[in-house]
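**Q** Okay, here's the prediction I keep looking at, along with the sequence it came from:
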Amino acid sequence: MIPGPLDLALGAAFVLLNAGLSAMLGLGLARTMLVAACRLVVQLTLVGLTLRTVFGLGAPGPVVGVVAVMALAAAYEIGARQERPLRGPWRYALGGFVTAGATVIAVAVGLAALRPLPWWDPHALIPLAGIVLGSVMSGVAIGLNGFTGAVQRERAGIEARLALGATRDEALAPLTRSAIRAGLIPVLNQMAAAGLITLPGMMTGQILAGQDPQGAAASQILILFLLAGASGLGVTGAVLAASRRLTDARHRLRLDRLA
Amino acid sequence: MLRIESLRRGRFGPFDLALAPGEACAVVGPSGAGKSVFLRMVADLDPSEGRVSLDGIDREAVPAPLWRRRVTYLAAEAGWWAESVAGHFSADAPSRLGPEREALRLPPEVFGWPVARLSTGERQRLALLRALSGGPRVLLLDEPTASLDPDSVRGAEAVIEARRAAGLIVVLVSHDPAQVARLASRRLAVADGQAIPSATIPSATIPSG
């Protein structure tokens, strides 16, 4: 049941239809969509080739190296998704570090549960790190983007509170809370909808590849727990770190630190 | 005693000023001269260099939130963060601030109103009441009556004047020479980010008081 080039072309026609629709409605998304689709083809093909090589090497170094490259890509994507990013290296560093940290913790928990031998077995480590990174990345990107946008919009209200003697945490609390909530909605939806509305990607893959559905369900449950935990840590950590970065020790609002 | 020494930030300043309790100083000058920046620096809302102290205590020696409760800045267009007016005041404020609310020509029900339905003038008067509710020692007012009708202006000035008589230090940015004459005994003229010696200010724009 592995799709050949013609089968993929059929799928591609579907994306083209979507791009045509976007062009007709003037959404301005047609170009972005086509570029994203082309990137997807190139990226996944290269990843397949690279992973085959790494799997064949049988050493932990290259496996960890692949995970590190994935984390760097996640840091870049988070920075690139920001409408009003932090100035300077913080744009990529803040989201990247928090995402990497949350992923390391979640992957450690996952490895402790799955106990692959050796621990760095690429068949476990790479897909585990990848799925966690992807989930934390999208949560952190949404949380940070929502937070910086809200701080800018609510500037007058925040400064009014600060001027009356509120601490930076008091003045920003409503904004941090709603940004964290927004960042966690995707993973919460994913957990609640899993099975009923959507078959999660990994489970779909395993079932398509011929695995027993019950075993696939068990690993999917573990994965979703890891995703939820990692997203919670990542989104909370990133938004709180951004709230520190956008204020200073004298409890001033520092919008000059946004690009 | 509020003492400001060599206060500066970028192209603004240095500013020097000393005010005793009950003194009111007007900051005057053209738009964009740096009057608001000066007030924000005193409140420590913008990073700045130089010394500011209240009763001999440097602002660096106290946590910034405490400093701002004592030295409170009221922006020209003050911000709001809760849906209802009451959300911006402490629970005991409505009873404590009754006489001043009345002087500002605001009805007792005002605390139950949603902020979104306030007029510009109501917002400005409520923002003044809100700034007074914390009992500041120094009030930094940025055009506090700019969008008020004449009756409300008189009410706001009476409220400010009563607090000043009770020892409040007032620093006031105003474009109305008559208001400056009514409220302030001292003045600081600002142009292009610099304090300018009062002798060079034409008396037509700055009436002596």
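**A** All right, it came through fine.
**Q** show me where the chain has helices.
**A** Defaulting to chain A. Assigned by DSSP state H, chain A shows helices spanning A:5-25, A:30-57, A:60-80, A:90-114, A:122-153, A:155-163, A:168-193, A:201-208, A:213-245.
**Q** that answer is for a different chain, and I need it for chain B
**A** In chain B, the segments counted as helices under DSSP H are B:35-42, B:64-70, B:93-96, B:98-103, B:120-133, B:150-165, B:177-183.
**Q** Mind checking the ones you listed for the one nearest to A:Ala13?
**A** A:Ala13 lies closest, by C-beta to C-beta, to one member of these: helix B:120-133, at 56.9 Å. From N, CA and C alone the C-beta is placed, and that goes for glycine too.
**Q** these two touch, right, B:Ala24 and B:Val173?
**A** No. Under the criterion of C-beta atoms under 8 Å, B:Ala24 makes no contact with B:Val173, lying 12.0 Å away.
**Q** Tell me the buried residues in stretch B:157-164?
**A** Buried residues in stretch B:157-164, defined by neighbour count with 16 or more other C-beta atoms under 10 Å in any protein chain shown: B:157, B:159-160, B:163-164.
**Q** List the neighbours of that stretch that are in contact with it.
**A** Under the criterion C-beta atoms under 8 Å, 6 or more residues apart in numbering or on different chains, residues B:22-24, B:100, B:103-104, B:128, B:132, B:139, B:141, B:144-145, B:168, B:170, B:172, B:179, B:182-183 lie in contact with stretch B:157-164.
**Q** What mean pLDDT does it get?
**A** The predicted model assigns stretch B:157-164 a mean pLDDT of 96.
**Q** Report pLDDT for residue 208.
**A** Reading this off chain A. Per-residue pLDDT puts A:Leu208 at 83.
**Q** should've been chain B
**A** So, for B:Ser208, pLDDT stands at 44.
**Q** got it, and A:Ser178?
**A** We note a pLDDT of 96 for A:Ser178 in this prediction.
**Q** pretty sure it contacts A:Gly146?
**A** Yes. Using C-beta under 8 Å, A:Ser178 makes contact with A:Gly146 at a distance of 7.2 Å.
**Q** Show me which of those two is the more surrounded one.
**A** Higher neighbour count among A:Ser178 and A:Gly146: A:Gly146, with 19 against 15, using other C-beta atoms under 10 Å in any protein chain shown.
**Q** Run a quick neighbour tally on residue 115.
**A** Just going to use chain A. By other C-beta under 10 Å, the residues close to A:Arg115 number 9.
**Q** Not quite, go with chain B.
**A** 18.
**Q** Next one: it from chain A, what distance?
**A** B:Val115 sits 10 Å away from chain A, going by C-beta to the nearest C-beta, to the nearest Å.
**Q** right, and the helices of chain A - which one's nearest B:Ala195?
**A** With distances scored as C-beta to C-beta, the stretch of the helices of chain A nearest to B:Ala195 is helix A:155-163 (22.8 Å).
**Q** Which elements pack onto that closest one?
**A** Applying 3 or more C-beta pairs under 8 Å, 6 or more residues apart in numbering or on different chains; DSSP states H and E, one finds that helix A:155-163 contacts helix A:168-193, helix B:64-70, strand B:71-74.
**Q** If we use 7 Å, what do you get?
**A** Counting contacts by 3 or more C-beta pairs under 7 Å, 6 or more residues apart in numbering or on different chains; DSSP states H and E, helix A:155-163 packs against helix A:168-193.
**Q** could you say what helices and strands the helix it packs on packs with?
**A** The helices and strands touching helix A:168-193, judged by 3+ C-beta pairs under 7 Å, 6+ apart, are helix A:122-153, helix A:155-163, helix A:213-245.
**Q** and the angle for the longest one with helix A:60-80?
**A** Okay, so that is helix A:213-245. Relative orientation of helix A:213-245 and helix A:60-80, computed by axes from the mean of the first three to the mean of the last three C-alpha atoms, to 10 degrees: 60 degrees.
**Q** and what of the shortest one?
**A** Put simply, helix A:155-163 runs at 100 degrees to helix A:60-80, going by the same axes, to 10 degrees.
**Q** interface residues of chain B facing chain A?
**A** Within chain B, the positions near chain A by C-beta under 7 Å from any C-beta of the partner chain are B:43-47, B:64-66, B:68-69, B:72-73, B:75, B:77-81, B:130, B:134.
**Q** where does the stretch 151-259 of chain A dip in pLDDT?
**A** Low-confidence segments of the stretch 151-259 of chain A, defined by pLDDT under 70: A:197-199.
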